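# starting from these lines, generate the structure:
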Amino acid sequence: MKIVELPPIPTPAFQPWASEVVDGWKARTSATVDLGRRAGMGRNYEALVAEVRALLLGGQWQIVDVRLSERRFARALISAWSEDEPLARKTMTVEAVTRVRTGAQLSRLATIQAATLYAEHFDRLDDWAPGLFAAVRDLVWHAVQCQPTRQRADVVEALRANAPYFADKGAPSALARDLVAADADLYAWFKRHHIGWWLDLRLGRIARDHFYLAQIAAADAEQREHAFLEVVTQEVMARQQTEDTDENGLYFGHYVLGALTAKTTKRPSEAWLAATMSFAGDPRMRNTAQWQTWWAPIPDESRQRAVRWLQGLDLRAFLNGVQNYADRTGNDDMKRMLERRARLLLGLYEQDRIEDVRLVLGDEIRRYIESSTTIPVHDVARLSDSAKRDTAVIYVNCGDFSLVEGSHSFQLHTYVGDDGVPEIADRRRRSFTLDDLRDLYPARHQRRHGIDSHEAVRHQGFAWVVTTLAFLYAHGIRLDERALLSQYDYADLCRRRGWY
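Reported below is the predicted structural model:
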């Protein structure tokens, strides 16, 4: 049998809907939800709801108590509370709800209305009156149990079958965790149980928030792809424009940021870092309004972890970018030097010795550095010498010592002292010259700390590593040298020192 290969079918390019079309569908959706809420409410029924509203405002509970046995009247009472929040806040007391539970026979439709009222306000009911959350919950569950069981799924059957996921304030969180553990989708779950519209009510929003946070908690931050992260960050940015902070003075985005930065990995994926910075910005940029909004309220431990992540990103961007440049230009000498530099710098990062990193880049090589990562490299200063457009320099502060090294023939400068090189560390300074980095700052440092507080060596063979480690050792700085060198280089270092 001959197999005939069909030609590829081109993917059609659909134009996005115009904004007026999108707005039109949103209006239709809202109208549909409202129609569902008001099913069975004719003109006579509206008059009955108005009558109930007047009785409630007048405090005429003796009349209400007598008429609660009328199923239509009881449903009108639930409708009055559902449609008029100020009325509900004023008259829906624990005592009033208890009277409805003990005195009314709620129909199935009234039960659904009561359940929707519960979902709409949920945990905030206790803000209206202490104990009101439990009272409304008990009313709903009593009404559900009074309804006959049906084979066809509806809201009542969804509540009956999934009571633990609705019965207390922590239930939406438990639902979210269970769905994430089962690799199930929250939206699909609500729609399957015929309560899709609840996702826009208070209970649904809580479940959605916890679902996002549970997804983050369960995810591997080192994995390259996380489709849900874009959805979460878009939600954060949209809600920050329309919502106020909660009782803790935090936006939902602060909880997302806290969850993203709670991961203890040292090498999160670029997708993870992109999600973190998409709304919060760079945690090192303290003098910005964005930092004050997002990073200031975050625990210091999480903020510092995010800073370390970006330091690692800058280190790898520097090394990868210089490698790319060496490959593209056929610079074999630069390639040979890179392996030992990479081991040293990344080894210091893995040992948590690095406290600050900053790149100083010539205009040409900056393109190679930036192309080596999908994350924008924000914290970059410019090397302004016109003859050094292809030179990259990196500043690394390790607390009790600092390194400044670069590509090409730039020497490795080692500084001892706990203040680093403050001129390079100052983010207000956006441009440097080669003379600044090579001559001016070493001389200033030696005036502050003594002539033996700085050393510069050329990257020749293995000698520069031996000299630099000896210089640090002489100043009482102890490093895990085995983790900074290849096995062969470490053995060579030991032989040179006469350790064996």
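# please, where are all the strands along the stretch 1-150 of the chain?
Residue ranges of strands cannot be listed for the stretch 1-150 of the chain, since DSSP state E, counting those that start in this stretch assigns none.
# which residues touch residue 463?
Going by CB atoms under 8 Å, 6 or more residues apart in numbering, residue 463 touches residue 457. Heads up, the C-betas are built off the backbone N, CA and C, glycines and all.
# oops, could you answer that again for residue 363 instead?
Residue 363 sits in contact with 382, 389, where contact means CB under 8 Å, 6+ apart.
# any stretches of the stretch 301-450 of the chain with poor pLDDT?
Per-residue confidence for the stretch 301-450 of the chain (pLDDT under 70) gives these ranges: 333.
# ugh, wrong one, I meant the chain
Filtered on pLDDT under 70, the chain yields the residue ranges 1-43, 333, 499-500.
# and if we set it to 50?
For the chain, the stretches with pLDDT under 50 are 1, 4, 6, 9-14, 16, 22, 32-33, 35-37, 39, 500.
# and it, what are its domains?
The chain breaks down by automatic domain parsing into domains covering 38-161, 219-298, 311-497.
# tell me which of the ones you listed sits nearest to residue 197.
Among the domains of the chain, the nearest to residue 197 by CB to CB is domain 38-161 (8.1 Å).
# coming back round to it: just put the domains of the chain in TSV and tack on distance to residue 200.
Converted to TSV, the domains of the chain look like this (distance: least, CB to CB, whole Å):
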stretch	distance to residue 200
domain 38-161	9
domain 219-298	13
domain 311-497	34
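# what about the nearest residue to residue 294 once chain neighbours are set aside, neighbour count?
Nearest in space to residue 294, with sequence neighbours left out and distances taken as CB to CB, 6 or more residues apart in numbering, is residue 280 at 3.9 Å. By the criterion of other CB atoms under 10 Å, residue 280 has 24 neighbours.
# residue 280 touches residue 296, doesn't it?
No. Judged on CB atoms under 8 Å, residue 280 makes no contact with residue 296 at a distance of 10.6 Å.
# residue contacts, the residue nearest to residue 82 when sequence neighbours are not counted?
Taking CB to CB, 6+ apart as the measure, residue 82 lies nearest to residue 117, with 4.8 Å between them; neighbours along the chain are not counted. With contact set as CB under 8 Å, 6+ apart, residue 117 has these partners: 78, 81, 82, 88, 136.
# for those residues, which one is nearest residue 97?
The shortest approach to residue 97 among these belongs to residue 136, at 5.7 Å (CB to CB).
# once you drop chain neighbours, what's closest to the closest one?
What sits nearest to residue 136 in space, not counting adjacent residues and going by CB to CB, 6+ apart, is residue 118, at 5.0 Å.
# returning to what we had before: just the buried residues from the contacts of residue 117, in ChimeraX please.
In ChimeraX, a selection of the buried entries from these looks like this (16 or more other CB atoms under 10 Å):
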select :78,81,82,88,136
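# among the contacts of residue 117, which pair sits farthest apart?
Across the contacts of residue 117, the longest distance by CB to CB is 11.4 Å; it joins 82 and 136.
# follow-up on the earlier one: so of the contacts of residue 117, which ones are in helices?
Taking DSSP state H, the ones among the contacts of residue 117 that sit in helices are 78, 81, 82, 88, 136.
# gap between stretch 323-333 and the chain center?
Using CA atoms, centre = their mean, to the nearest Å, the mean C-alpha position of stretch 323-333 is found 37 Å from that of the whole chain.
# buried sites along it?
Counting neighbours by 16+ other CB under 10 Å, stretch 323-333 gives 323, 324, 325, 326, 331 as buried.
# list the contacts for the second one?
Same thing as residue 324. Residue 324 sits next to 368, 371, 372 when contact means CB under 8 Å, 6+ apart.
# list the contacts of stretch 93-105.
Counting by CB under 8 Å, 6+ apart, residues outside stretch 93-105 touching it are 56, 61, 64-65, 68-69, 71, 74, 77-78, 106, 129-132, 135-136, 138-139, 142-143, 146.
# one more time with 10 Å
Under the criterion CB atoms under 10 Å, 6 or more residues apart in numbering, residues 56, 61, 64-71, 73-75, 77-78, 81, 88, 92, 106, 110, 114, 125, 128-143, 146 lie in contact with stretch 93-105.
# and those residues, which are buried?
In the contacts of stretch 93-105, burial by neighbour count holds for 56, 64, 67-68, 73-75, 77-78, 81, 88, 92, 106, 110, 114, 125, 128-129, 132-137, 139-143, counting by 16+ other CB under 10 Å.
# coming back round to it: restricted to helices, list the contacts of stretch 93-105.
Secondary-structure check on these using DSSP H: residues within helices are 56, 61, 64-67, 71, 73-75, 77-78, 81, 88, 110, 114, 125, 128, 132-143, 146.
# closest to residue 306 out of the contacts of residue 324?
When the contacts of residue 324 are compared for distance to residue 306 (CB to CB), residue 372 wins out at 20.4 Å.
# how much space between the closest residue to that closest one other than its chain neighbours and residue 310?
On the basis of CB to CB, 6+ apart, the spatially nearest residue to residue 372 that is not a chain neighbour turns out to be residue 320, at 3.8 Å. Distance check for residue 320 against residue 310: by CB to CB, to the nearest Å, it reads 15 Å.
# likewise residue 264?
Summarising the geometry, the distance separating residue 264 from residue 310, computed by CB to CB, is 16 Å.
# now do the phi/psi pair for residue 356.
Here the main-chain torsion angles of residue 356 (degrees, to the nearest 10) amount to phi -160, psi 140.
# show me what it is bridged to.
For residue 356, the beta-bridge partners are residue 397 (DSSP bridges).
# burial count for it?
So residue 356, with other CB under 10 Å, has 19 neighbours.
# surely it touches residue 398?
Yes. With contact defined as CB atoms under 10 Å, residue 356 and residue 398 form a contacting pair (8.8 Å).
# common neighbours of the two, please.
Both residue 356 and residue 398 are in contact with residue 420, where contact means CB under 10 Å, 6+ apart.
# what about the longest helix in this protein?
Counting by DSSP H, the longest helix found in the chain is helix 300-329.
# buried residues, that helix. List them.
Along helix 300-329, these residues count as buried under the neighbour rule (16+ other CB under 10 Å): 302-303, 305-326.
# need the residues touching each of residue 82 and residue 136.
Common contact partners of residue 82 and residue 136 (CB under 10 Å, 6+ apart): 88, 114, 117, 121.
# now the last one: closest residue in space that isn't a chain neighbour?
Closest residue to residue 121 in three dimensions, ignoring its sequence neighbours and counting by CB to CB, 6+ apart: residue 202, at 5.8 Å.
# list the contacts for that neighbour?
118, 119, 120, 121, 122, 123, 124, 125, 172.
# just checking, the second one touches residue 204?
So that's residue 119. Yes. At 6.8 Å, residue 119 and residue 204 qualify as touching, with contact defined as CB under 10 Å.
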